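J.: My questions are about this predicted structure, shown below with the sequence.
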Amino acid sequence: MSKIHAVITGVGGYVPEYILNNHELSAMMDTSDEWITSRVGIKERRILKEPNTGTSYMAAKAAEELFTKTGTKPEEIDLIIVGTTTPDHIFPSCAAMTAEKLGIKNALAFDLQAACSGFIVALSNAASFIESGKYKKVLVFGAEKMSSITNYNDRTTAPLFGDGAGVVLLEPSTEELGVLDSLIFTDGAGGKHLMLKAGGSAYPSSHETIDRSEHGVYQEGQNVFKHAVTNMAGVSGDIMDKNNLKSEDISWLIPHQANLRIIDAVVNRTGVAYEKVIINIERFGNTSAASIPLCIWEAEKKFKKGDNIILTAFGAGFTWGSVWLKWAY
Ligand code: UT7
């Protein structure tokens, strides 16, 4: 019997309407369009402004678009995995809330927390569920409301993040397409350099944690930058070497969108031509787990059946990895 592969058969995405550009940010804090553009590569980011509305709102919008495009019905979905660090609540899961919004009643649904690597970790896990033969239609999300954990008094992190959600539909195929390999790693020693200090079980929310501004992203930028460059560039090269893929074999490189200078390092290591690199950091900023599926969503029309695509990400944990997939339509 031929091996079952997990192939992407549809894509959806959603970004909020509100655009927070560098000029508006510069009026809020001591920063400038020049600094943000040259050091990070971001011009604007989307912010979800609707009150009392969380990540599942955007995830559901993305999936509704996917359903319309693919003709999929909610009752056909048997598994939902949401890569997110910003679920609507600590519990219930964002996946359960998204399922409810979509009218999905009979699916296994859970969140996967791997920070900015959340989508690729969710995708490689979802592929295993499909390859087992037990699951047939799986929604894999990367969805984040990063504005909910951004401290807009901290100029070293506030310009970086934006909100959005992307989703892919995974289905089984016996063709040599879809998710063909993944390399995923974790190094918990990096945890202290990039974290949300309070609001979890170690430091529950209190007046003191609010006074200490511990509910916004804490990041030691240069340290994280160095690890992101080394690990994302390294693992992208490694997955290509392992599968005998040369730079000219790669149709598209889709890196996590944290910093244009990190993306450049990955491009240099892999040797992939710049016009084959999908980049939207300028318009969306760092949307954490949502950045890669938002790139797939925007670039979908460029892809052709059989295209070799390398996804790569790095995030808190530290977590990092690469996925090699062949586009299926
Ligand atoms: O998403 C996954 C994980 N995250 C990442 O991969 C992000 C990795 N890190 C980075 O991308 C970069 O380290 C940052 C974009 C966060 C920061 O860039 P940097 O080039 O590493 O800047 P820096 O922290 O070394 O700061 C350089 C200078 C400092 O001033 P002095 O000490 O040289 O006078 C900062 O105070 O830039 C200053 N600075 C700013 N100036 C204007 C920091 N933030 C700003 C700002 N506007 N927003």
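T.: Sure, I can see it.
J.: so who does whichever residue of the stretch 201-329 of the chain sits closest to the ligand touch?
T.: Proximity of the stretch 201-329 of the chain to the ligand (C-beta to the nearest ligand atom) peaks at residue 221, 2.9 Å away. C-beta here means a position set from N, CA and C on the backbone, and glycine is covered the same way. Counting by C-beta atoms under 8 Å, 6 or more residues apart in numbering, residue 221 touches 156, 157.
J.: isn't residue 77 right up against residue 135?
T.: No. Contact criterion C-beta atoms under 8 Å: residue 77 and residue 135 do not qualify, at 9.6 Å.
J.: and those two? which has more neighbours close in?
T.: Each of residue 77 and residue 135 has its neighbours counted (other C-beta atoms under 10 Å); residue 77 has more, 25 against 20.
J.: From residue 100, how far out is the more buried one?
T.: Using C-beta to C-beta, to the nearest Å, we find residue 77 at a distance of 13 Å from residue 100.
J.: Also residue 314?
T.: Distance from residue 314 to residue 100, by C-beta to C-beta: 32 Å.
J.: Comparing the two, which residue is more hemmed in?
T.: Using other C-beta under 10 Å as the criterion, residue 314 and residue 100 rank with residue 314 on top: 31 against 14.
J.: Are we agreed that the more buried one is in a helix?
T.: No. In this structure, residue 314 is strand, not part of a helix, as judged by DSSP: H, G, I helix; E, B strand; the rest coil.
J.: For the chain, just list every one of the strands.
T.: 5-14, 18-21, 44-47, 79-83, 108-112, 138-145, 163-173, 178-186, 194-195, 218-219, 252-255, 308-315, 319-326 (DSSP state E).
J.: Quick one: closest of those to the ligand.
T.: Taking C-beta to the nearest ligand atom as the criterion, strand 308-315 is the member of the strands of the chain that comes nearest to the ligand, at 4.5 Å.
J.: Give the pairing partners of the closest one; include direction for each.
T.: Counting by DSSP bridges, the strands paired with strand 308-315 are strand 252-255 (parallel), strand 319-326 (antiparallel).
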